[in-house]
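In: The sequence and its predicted three-dimensional model are supplied below.
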Amino acid sequence: MSSTPPLHPRFPLLLAALTLLAPLGLAACGRGEFTRTITDVREHPAGPGAGEEPEKPEWAYMVPEGWTLLPPRPLRDLGFRVANDPQAECTFTVLPGTGGGMAANVNRWRRQLGLEPATDEEIEALEKQGFLGLPARRVDLTGTYGGMRGDQGLENARLLGLIAVLPKNALFLKMVGPADVVEAERAHFDAFAASLKPKPHARPTTPSGRGQPPSEGPAPAGPGRPPALRWDVPEGWEERPARPMREVTLAPKGSKGTEAYVAILRGDAGGMAANINRWRGQMGQPPLSSAEIAALLRLEVLGREGVLVQIEGEFRGQGGEQAEGAALLGFVLLRDEDAVFVKMTGPADEVRTEKANFETFCRSLSQ
Amino acid sequence: MRTFFARTIAFLGSYGLAAILMVLLMLLTLAGTLEQGRSTLYDVQTRYFESVFVIHYIAGKYPVPLPGAMLLLPLLFVNLLVGGLWRMRKGTSTLGIFVVHLGIVLLLAGSWVEHQWSTKGQMKLEEGQSSDEYVAYRKWEVAIREIHPDGSTREYVIPEEEFDSLDGDARYRFQHPDLPFDLVLSGYLPDARPKPAEPGQGVRGYVLAPPPPTKANRNRLDLPGLEALTVAKGGEGGASARGLLFGGQRSPWTLPGAVTGGTRWQVMLRQRRWQLPFTIRLDRFVREVYPGTGVPKRFSSFVTQTESGVSREAHITMNEPLRSQGYTLYQSSWGPQGAPPGTRLFSTFSVVANPSDRVPLIACIVIGVGLLLHFGRKLHLYLKAQQRRLAAERIVS
């Protein structure tokens, strides 16, 4: 006979229920305000970057005369006091994500000036302007500026701004202040916007800045970064959806088989001859000698001479696609730090028709 | 009649339970593998293999509850302890299996220790730079930094575990005797994006909101965010300041002088940092590329490790890490990628502190010994039986 008293038959069930319900009770205890004491305290001796403000190496720009760089803020990339006027400032912000979209931000600025929201048609009619190589909308508003907190009450204020919304980032450049100051600084605003560029190989610093190259994680990344070049889209061409490793993809409107793109590779990417002959190989043509390459047509682009090549034959793409009766137009430009490639492929008759547009496009490339 | 305790022990150590656990682990692994087609690796790891329960959706529609690995593996551990070691019949015939079970128990225990107590991060150094810190990949901390006039700093650090439950109305007030204010944290979002706020709303012109659940956003590093408010110590009167802390912020939030009494203070949300007991200086980074391309062929780092004034040189490569005092530094990566010749490069080390770093190796050796014992004995018995059979056949013939 067992000396251990028998357990209640429902004991296992009660135990299981208690085990399942206990976490819910504990979670409910987590509401309200509680006080905790910080126990992790770290001392760092003085040294390079020990307590300094982190650098902002991401952007290169020209500081207009009379503008003063303001201390950094967590969500603002750049801020300036304009014309030494305490009521006038210019800020530049890049937000991850769409930031709410074009219409929401235009109307948010309008509300800051005490204006009624604009309609979709009015927003669509806003002047388009290139900003950091991106399509942006220019906003020019006057009213009573309430500021971000809505409590400033600056009468006869003016706001000049540029908004560019990409799938992965939203960029805002905004100058606001007394209307006469903003008018006087309008040229400086445009010059600053034109001078703003991402620094090559820019790396954001960690907040500690203590001798560590920063983590690349938090910085907005991906193809949403501003492109390195600018261009004019030839008449009759259109931009196609972005693709990896390409600055831009273009095609004649309505064309299904013809496509052009721009790619930039670091270094010389193998050199002029290797790349031209690689294209010739894609078209089933034998390689050219150095003398033959030297005799190819030159185009002056970005202040240098690049080589233009036209090849016809059977196209074999890198993805294995094949096409007979195809043509390839290519342009290779070697620079100090990189190589620029412009390439167009498609049915031979279409490519021949677009040759003039191709050359015009190559010549339109600018920094 | 067996007692409840005896029946429980018998159940926990039974072959039946072991078989059920194995099948459930197999189903969990299959479900987690299929889920990776719709979620990121990190999401699946967290939901399926670092949880007690998970709801798996077949074809994205039909929910199926499954026990998570954090329930199955501890049960398997108990099953092995009870059935595979304690209650197992012990003798020369089962010695090999006993040792194998011991090795598996060791492996599971080592995994638990690693899960609970290991830290993993990265350290990036340019040539000539030194550091004694490494930065977590996905863990965060709030740091309140006091900057002294001589440039030294003192940081009061709040780890993520102390504020990652602050959703909704929950608020925690953090204090320290040496802080001139208390810091109240609230509104935590594990993945946030700042959006410009309407006039009069938000904090300093912005609000934090979760990003849209697109595949691109799921594949990105989560950037947490939360609200911060400085209040007077004890909460009575005094100046206060509100700010947003965001994992992707450009610079720390500098507190106004009215709050800090004139001293320079900053508050930031940053990836978690751990201190090493030694300093690493990158002396030289070597990178070889395949000729005619920018594709890296081989890269390694020559470093100097300094501790208590004593320095030693080391060479860290992909397959030859630096091990010291429970820390392991692996050559992980380098950058900036695609840099033209002449660009100053940085070397990235993965740093792992794992108290059970060698346990998998030891466990595999133990399992190997157990298998040798078991199958060695089987072979020996077979050969003996064959000898007896052959001897008997010779006698007959």
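Out: Received, thanks. Residues are numbered from 1 along each chain as shown, chains lettered A, B, ... in the order given.
In: Could you list the contact residues of the stretch 1-150 of chain B toward chain A?
Out: With C-beta under 8 Å from any C-beta of the partner chain as the criterion, the stretch 1-150 of chain B meets chain A at residues B:1, B:3-5, B:122-126, B:129-131, B:133, B:135, B:137, B:143-145, B:147-148, B:150. The way it works is simple: take the backbone N, C-alpha and C, and place the C-beta from them, glycine included.
In: which of the residues in the lengthiest helix in chain B are buried?
Out: In chain B, with assignment by DSSP state H, the single longest helix is helix B:359-396. For helix B:359-396, burial by neighbour count (16 or more other C-beta atoms under 10 Å in any protein chain shown) applies to B:V359, B:A363, B:V366, B:I367, B:V369, B:G370, B:L373, B:H374.
In: right, and out of these, which lies closest to B:L75?
Out: B:A363 (19.0 Å; C-beta to C-beta).
In: for the longest helix of chain B, packing partners?
Out: helix B:95-117 (3 or more C-beta pairs under 8 Å, 6 or more residues apart in numbering or on different chains; DSSP states H and E).
In: orientation of the helix it packs on relative to helix B:359-396 in degrees?
Out: 170 degrees (axes from the mean of the first three to the mean of the last three C-alpha atoms, to 10 degrees).
In: what lines up beside whichever helix or strand comes after helix B:95-117 in the sheet?
Out: Moving toward the C-terminus from helix B:95-117, the next helix or strand (DSSP states H and E) is strand B:119-126. Sheet pairing for strand B:119-126, assigned by DSSP bridges, gives strand B:130-147 (antiparallel), strand B:346-353 (antiparallel).
In: Flag every buried residue along strand B:119-126.
Out: B:K120, B:G121, B:Q122, B:M123, B:K124, B:L125.
In: closest to chain A among the buried residues of helix B:359-396?
Out: Closest to chain A out of these is B:V359 (27.9 Å), distances taken as C-beta to the nearest C-beta.
In: Flag the shaky bits of the stretch 251-397 of chain B, pLDDT-wise.
Out: B:258, B:289-295, B:337-343 (pLDDT under 70).
In: Kindly recompute the last result at 90.
Out: B:251-252, B:254-264, B:275, B:286-299, B:307-309, B:318-319, B:325-326, B:333-346, B:357-358, B:393-397 (pLDDT under 90).
In: same thing with the stretch 1-150 of chain B?
Out: B:1-10, B:36-46, B:58-61, B:84-92, B:126-128, B:137-138, B:148-150.
In: Would you pull up how far the longest helix of chain B lies from the middle of the chain?
Out: Averaging C-alpha positions (C-alpha atoms, centre = their mean, to the nearest Å) puts helix B:359-396 41 Å from its chain's average.
In: Only the buried subset of the residues of the stretch 1-150 of chain B next to chain A, as a PyMOL command please.
Out: Selection of buried members from those for PyMOL, criterion 16+ other C-beta under 10 Å:
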select buried, chain B and resi 122+123+124+125+129+130+131+133+135+143+144+145+147
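In: can you map out the helices along chain B?
Out: Using DSSP H, helices in chain B cover B:4-12, B:15-35, B:41-49, B:69-79, B:95-117, B:215-218, B:257-260, B:359-396.
In: Kindly report the same for the stretch 1-150 of chain A.
Out: Using DSSP state H, counting those that start in this stretch, the helices of the stretch 1-150 of chain A run over residues A:11-28, A:102-112, A:120-124.
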